[in-house]
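> Task: produce atomic coordinates for the following.
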Amino acid sequence: MRVTTVVAARPNFVKMAPIVRALSDRDGVDVRVVHTGQHYDTALSGSFLDQLGMPAPDENLEVGSGSHAEQTARVMIGIERSLSVHPTDALVVAGDVNSTMAAALAAAKLGVPIVHVESGLRSRDWSMPEEINRVVTDRVSDLLLCTSEDAVENLVKEGIAGPGVVLVGNTMIDSLWRLIDVARASSPLASLGLQPRAYLLVTLHRPALVDDPRSLGAVLEALDRLASELPVVFPIHPRTRARLEQLPARADHLQLLAPVTYLEFLALQASARLVVTDSGGVQEETSALGVPCLTYRTSTERPITLELGTNRLVGTDPARLLSACQEELATERQFSPAPIPLWDGHAGERAATAIHRAFGAVRRPVDAS
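Numbers count the residues shown, from 1 in each chain. Next comes the predicted model:
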């Protein structure tokens, strides 16, 4: 059985690593890894391969950055060429980045079966490019692997059901449980002068926020006020860094860091008093770790983190963010969330089993004509 997996951006590596390992451990399964190069900074890609135990990519398409259309087109061309040269029984994509949708579309045109890891998540916010990517990828996929029951229900409402939809759990949390002890042992807290449970961790990168100077500046002012109460640590995504350089100095008291490795970020999350984010994956990781999280968005595609985890939506008003942070910091409560079903560290094995059952006995030729 030949399986092609596609990785592209930071979260893809974390989600795909458990599946690649589980498939590679099976006799008679040949796994090929294609890196689209959508994220090309080594702090966001190369180091993750080593830390997550993934093999070096068999191919790097080196698509780089660009507009949504440019990036999508380059990935489609690259994946089409790759699949034409290297036939496969299934193409596995994860998440909701441009490369996910583009790779799925290219495979669908070639008649290659598609597996979508993290299917069924819905924010119902069509201003988010990720929502478009999720829905399109689910529509063309043959095997849809879901992280939680609400994702399965979303697919049923859209008319997608049956044996092609499988609840396997969260492979991102597999990576977390596998490496959390290593992350804690190599904790960056001491080098940053931080104490456990005595700092606020921030990660903000969505274009709707960072591309608007007024919105970004207002958020920075709110965070800067919090920094008078406790350290505020902000590892800056390259996109955010570029925007910050165009703003007047409004973050004098924040600890602005260069992008950190996966292990460093896990360690920072695990020991934080509070996390502020607009990232989907961070909502999941903090919920698994039992760390309070405030999501600076008006919607989330991960409602399980609101229901069973530690996540809370606060909208996109900087004043509301400030008050929510102060409210949270004033409490002494300790989170002991109930385990989220199937976020148990074995989702990758269940995903590999589902893929093998679906496509292990079927070999479909690739016809690029």
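
> ranges for the strands of the stretch 101-250 of the chain?
Using DSSP state E, counting those that start in this stretch, the strands of the stretch 101-250 of the chain run over residues 114-119, 143-146, 165-167, 200-203, 232-235.

> quick one: which of these is nearest residue 331?
strand 200-203 (13.9 Å; Cβ to Cβ). Every residue, glycine included, has its C-beta placed from N, CA and C.

> Return the list of strands paired to the closest one, each annotated with direction.
Strand 200-203 sits in its sheet next to strand 232-235 (parallel), strand 274-277 (parallel), going by DSSP bridges.

> Go through those and pick out the most buried.
strand 274-277 (a mean of 24; mean count of other Cβ atoms under 10 Å).

> Save the strands of the stretch 101-250 of the chain as CSV, and put in distance to residue 128 and mean pLDDT too.
Supplementary listing: the strands of the stretch 101-250 of the chain in CSV, determined by distance: least, Cβ to Cβ, whole Å; pLDDT from 0 to 100:
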stretch, distance to residue 128, mean pLDDT
strand 114-119, 15, 98
strand 143-146, 19, 98
strand 165-167, 23, 98
strand 200-203, 17, 96
strand 232-235, 22, 96
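
> Tell me which of those sits most buried.
With neighbours taken as mean count of other Cβ under 10 Å, the strands of the stretch 101-250 of the chain reach their highest mean count in strand 114-119, at a mean of 27.

> Can you identify each of the strands in the stretch 251-369 of the chain by residue range?
With DSSP E, counting those that start in this stretch as the criterion, the stretch 251-369 of the chain has strands at 255-257, 274-277, 293-295, 311-313.

> who touches the third one?
To tie it back to what came earlier, the one meant is strand 293-295. 274-278, 282-283, 286-287, 305, 309-314, 321, 324-325, 328 (Cβ atoms under 8 Å, 6 or more residues apart in numbering).

> 10 Å instead, please
Contact partners of strand 293-295, identified using Cβ atoms under 10 Å, 6 or more residues apart in numbering, comprise 200-202, 269, 272, 274-280, 282-287, 302, 305-306, 309-315, 320-321, 324-325, 327-328, 335.

> ok, residue 239 - contacts?
65, 204-207, 210-211.

> What separation is there between it and residue 134?
Residue 239 is 20 Å from residue 134, where distance means Cβ to Cβ, to the nearest Å.

> Over to residue 221?
For residue 221, the distance to residue 134 - Cβ to Cβ - is 33 Å.

> Compare neighbour counts for those two and give me the winner.
Per other Cβ atoms under 10 Å, whichever of residue 221 and residue 134 has more neighbours is residue 134, with 25 against 13.

> picking up where we left off before, got JSON lines for the strands of the stretch 101-250 of the chain, with distance to residue 193 too?
Shown next, in JSON lines, are these (distance: least, Cβ to Cβ, whole Å):
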{"stretch": "strand 114-119", "distance to residue 193": "36"}
{"stretch": "strand 143-146", "distance to residue 193": "42"}
{"stretch": "strand 165-167", "distance to residue 193": "43"}
{"stretch": "strand 200-203", "distance to residue 193": "14"}
{"stretch": "strand 232-235", "distance to residue 193": "10"}
